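>>> Structure of the sequence below:
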Amino acid sequence: STDYDVCDRLYFDEISVETIQEIHAKEDVHGIIVSVGGQVPNNLALKCAESGLRILGTSAKSIDNAEDRHKFSALCDALGIDQPRWAEVTSVKAADEFAREVGFPVLVRPSYVLSGAAMAVAENEASLHEVLERASEVSKEYPTVITKFIENANENEIDAVAKDGEIVVYAISEHVENAGVHSGDATLVLPPQRTYIETTRRARRIAAKIA
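Predicted structure coming up:
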């Protein structure tokens, strides 16, 4: 935060593991919090943990399980949570084969990206190749996950805080537009206005399973 009432000291520098290590040593801190700085700290969480820095709150391993699309989709499968068909792809040929098998449109999702950067719906083979090119530029370290995109679907979000696997507080919001509009551009209402009570209960149960 740049609010002088919130922090004792403010550093203007690039956010990298090296910089964090230097500040960590200089300040002799108890630990670091990576959950309030957007995408960059998420991307650095594993590297910070591997370099011996103590991460407070959600562990680097748990952050990786959520940020790595393949690991998260595999987790949902293991928990029996419904999701559209998906596959991890490392080549255009594999993406083409998957898209032909499930039918267009498909959703291309790179891992560890800021607010859906390079995430896009492809309606045909030409647009799929274009989207894959952008995804590979944005996320070079991680394979891309491609998912069957369900059209004319409602989109709801659940934000929850859990401690030791138990949800402490949560909020469910509802998108006004159909699924496909990125949440940064979407209109959301809280509490949901058109969502069945059973749907909100199911969202809670799913969030609890993941937690």
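>>> As a check, name the ranges of all helices in this protein.
Along the chain, counting by DSSP state H, helices occupy 17-27, 39-50, 60-67, 69-78, 92-102, 125-138, 197-210.
>>> helices or strands up against the shortest one?
It stands for helix 60-67. helix 39-50, helix 69-78 (3 or more Cβ pairs under 8 Å, 6 or more residues apart in numbering; DSSP states H and E). (Glycine included, C-beta is placed from N, CA and C.)
>>> contacting residues around the last one?
What it means is helix 69-78. Taking contacts as Cβ atoms under 8 Å, 6 or more residues apart in numbering, the residues outside helix 69-78 that touch it are 64-66, 83, 86, 88, 109-111, 142-145, 147, 210.
>>> Give the rounded mean pLDDT of that helix.
Per-residue pLDDT over helix 69-78 has a mean of 89.
>>> Centre of the chain to that helix, how far?
12 Å (Cα atoms, centre = their mean, to the nearest Å).
>>> List the contacts of Pro41.
With Cβ under 8 Å, 6+ apart, Pro41 has these contacts: Ile15, Val34, Ser35.
>>> That should have said Ser173, apologies.
Applying Cβ under 8 Å, 6+ apart to Ser173 gives the contacts Asn156, Glu157, Asp159, Leu188, Val189, Leu190, Pro191, Pro192.
>>> Just to check, the first one is in contact with Ala179?
Which is Asn156. No. If you go by Cβ atoms under 8 Å, Asn156 and Ala179 don't touch, sitting 9.4 Å apart.
>>> any idea how far Gly180 lies from Ile150?
Relative to Ile150, Gly180 is positioned 9 Å away (Cβ to Cβ, to the nearest Å).
>>> Looking at these two, which one has more neighbours?
Each of Gly180 and Ile150 has its neighbours counted (other Cβ atoms under 10 Å); Gly180 has more, 17 against 12.
>>> Identify the residue spatially nearest to the more buried one, adjacent ones excluded.
Val121 (5.9 Å; Cβ to Cβ, 6 or more residues apart in numbering).
>>> Which strand residues bridge that neighbour?
Beta-bridge pairing for Val121 (DSSP bridges): Leu107.
>>> residues in contact with it?
Pro105, Val106, Leu107, Val108, Phe149, Gly180.
>>> would you turn those residues into CSV with distance to Ser59 and pLDDT?
Shown next, in CSV, are these (distance: Cβ to Cβ, whole Å; pLDDT from 0 to 100):
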residue, distance to Ser59, pLDDT
Pro105, 36, 92
Val106, 32, 90
Leu107, 28, 87
Val108, 28, 86
Phe149, 32, 90
Gly180, 33, 78
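>>> Pipe those into a markdown table and attach distance to Phe98 per row.
Compiled in a markdown table, the contacts of Val121 are given as follows (distance: Cβ to Cβ, whole Å):
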| residue | distance to Phe98 |
| --- | --- |
| Pro105 | 12 |
| Val106 | 7 |
| Leu107 | 11 |
| Val108 | 11 |
| Phe149 | 12 |
| Gly180 | 19 |
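>>> Of the residues you listed, which is the nearest to Leu46?
Distance to Leu46 across the contacts of Val121 (Cβ to Cβ) is lowest for Val108, with 23.4 Å.
>>> Would you mind measuring from the residue most central in space within the chain to Val176?
Central residue of the chain (Cα atoms, centre = their mean): Glu67, 4.8 Å from the mean position. As for Glu67, its distance to Val176 is 27 Å (criterion: Cβ to Cβ).
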